[in-house]
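# Mind looking at a prediction? Sequence and model below.
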Amino acid sequence: MLYRIIITSNGKKKKIVHKSDNLSSIKRKYFSLRDKNKVLLPRTTSSYLKTKPIHYEIILMKRWEDGDIPFIGRDEMGRTIEIHDSSKKWTILQKGEYEFEEKFTVFGFDKRLTCIDIIKLILLRRKKNIIVKHINYVENKLLIHQDNDFDVVLCKCPGDAERLFKTLREFTQENKIDNIMFTGKVNRGKTETYKMIIEKTGWKKNKVYRTVTRP
């Protein structure tokens, strides 16, 4: 019998992560992957083609056989429902939530950074003198101000910028870091903030004023 573990994205197969013909072995693999799946800031938004919510699951499946019992899950209302493969190719044995670390475009960096990267490379960046850092965000752009300069983190949407802001604030509170001020969303002075971003990055106005990464 063939078994496999897959990751789904909004109910569609994203990738196959493991295959086996041994049920005991693949069950151990499934529960190990699920239990070790710990992220700091999970990805909840997709910007492919358009910005939209995204949800991942990890699923253990077996080749379909006559007499297989459908997997019992719950719908968005919490009601129990039968989940099965209408093509009768696979039967679900186990299903659970799965998360990926969100990644952000940060001006001046060649690769996209996770929240953990931002903490290590920017938030906790060491200076010779003790300085006060300041963090705020305008729509989908989070700004980390320090030493008369600032870093620009481009998020997919305003909701992601707010989640990143709150996660960084919680990190500093839990680790008793007291030289960072969090002032929240920029409501007054948006125009001046946008001008600062344009001057630093050289981005065009439509990119800076846009509130999501996709038009």
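Now that the structure is in, tell me what you want to look at. Residues are numbered from 1 along each chain as shown.

# ok, the closest residue to Asn179 other than its chain neighbours - contacts?
Excluding the flanking residues, the one nearest Asn179 by C-beta to C-beta, 6 or more residues apart in numbering is Val132, at 5.3 Å. Every C-beta, even on glycine, is put in place using the N, C-alpha and C of the backbone. Val132 sits next to 146, 179-181 when contact means C-beta atoms under 8 Å, 6 or more residues apart in numbering.

# Now the buried members of those residues.
Using 16 or more other C-beta atoms under 10 Å as the burial test, those include 146, 180 as buried.

# Looking at the contacts of Val132, which is nearest Thr213?
Gln146 (24.9 Å; C-beta to C-beta).

# In contact with that closest one, which residues?
Neighbouring residues of Gln146 by C-beta under 8 Å, 6+ apart: 125, 127, 131-134.

# now do Arg63
1-3, 89-91.

# Is there a quick PyMOL command that grabs whichever of the contacts of Gln146 are buried?
Buried residues among the contacts of Gln146 (16+ other C-beta under 10 Å), as a PyMOL selection:
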select buried, resi 133
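
# what about the spatially most central residue of the chain, distance to Leu164?
Most central in the chain under C-alpha atoms, centre = their mean is Arg43, positioned 1.8 Å from the mean C-alpha point. Per C-beta to C-beta, to the nearest Å, Arg43 is found 12 Å from Leu164.

# what sits in contact with each of these two?
Joint contacts of Arg43 and Leu164 (C-beta under 8 Å, 6+ apart) are Glu102.

# downstream neighbour of the worst-scoring helix or strand of the chain on mean pLDDT in the secondary structure list?
Here the helix or strand of the chain ranked lowest by mean pLDDT, DSSP states H and E is strand 80-83, holding a mean of 65. Downstream of strand 80-83, the first helix or strand assigned by DSSP states H and E is strand 90-98.

# can you pull the buried residues of that following strand?
90-93, 95, 98.

# Relative to the whole chain's centre, how far out is that strand?
Put simply, strand 90-98 sits 21 Å off its chain's centre (C-alpha atoms, centre = their mean, to the nearest Å).

# How about stretch 131-146?
On C-alpha atoms, centre = their mean, the centre of stretch 131-146 falls 19 Å from the chain's centre.

# report the longest helix in this structure, please.
helix 158-174 (DSSP state H).

# ok, residues contacting the helix or strand following that one?
Later in the chain than helix 158-174, the nearest helix or strand by DSSP H and E is strand 180-185. Strand 180-185 has contacts (C-beta under 8 Å, 6+ apart) with 123, 132-138, 162, 165, 168-169, 172.

# Now the helix or strand following strand 180-185: buried residues?
Sequence order places helix 190-201 as the next helix or strand after strand 180-185, per DSSP H and E. Residues of helix 190-201 classed as buried by neighbour count (16+ other C-beta under 10 Å): 193-194, 196-197.

# and for helix 190-201, what are the contacting residues?
Taking C-beta under 8 Å, 6+ apart as the rule, helix 190-201 contacts 107, 138, 141, 143, 150, 152, 186, 203, 205, 208-209.

# shaky segments in this protein?
72-87, 128, 130, 215 (pLDDT under 70).
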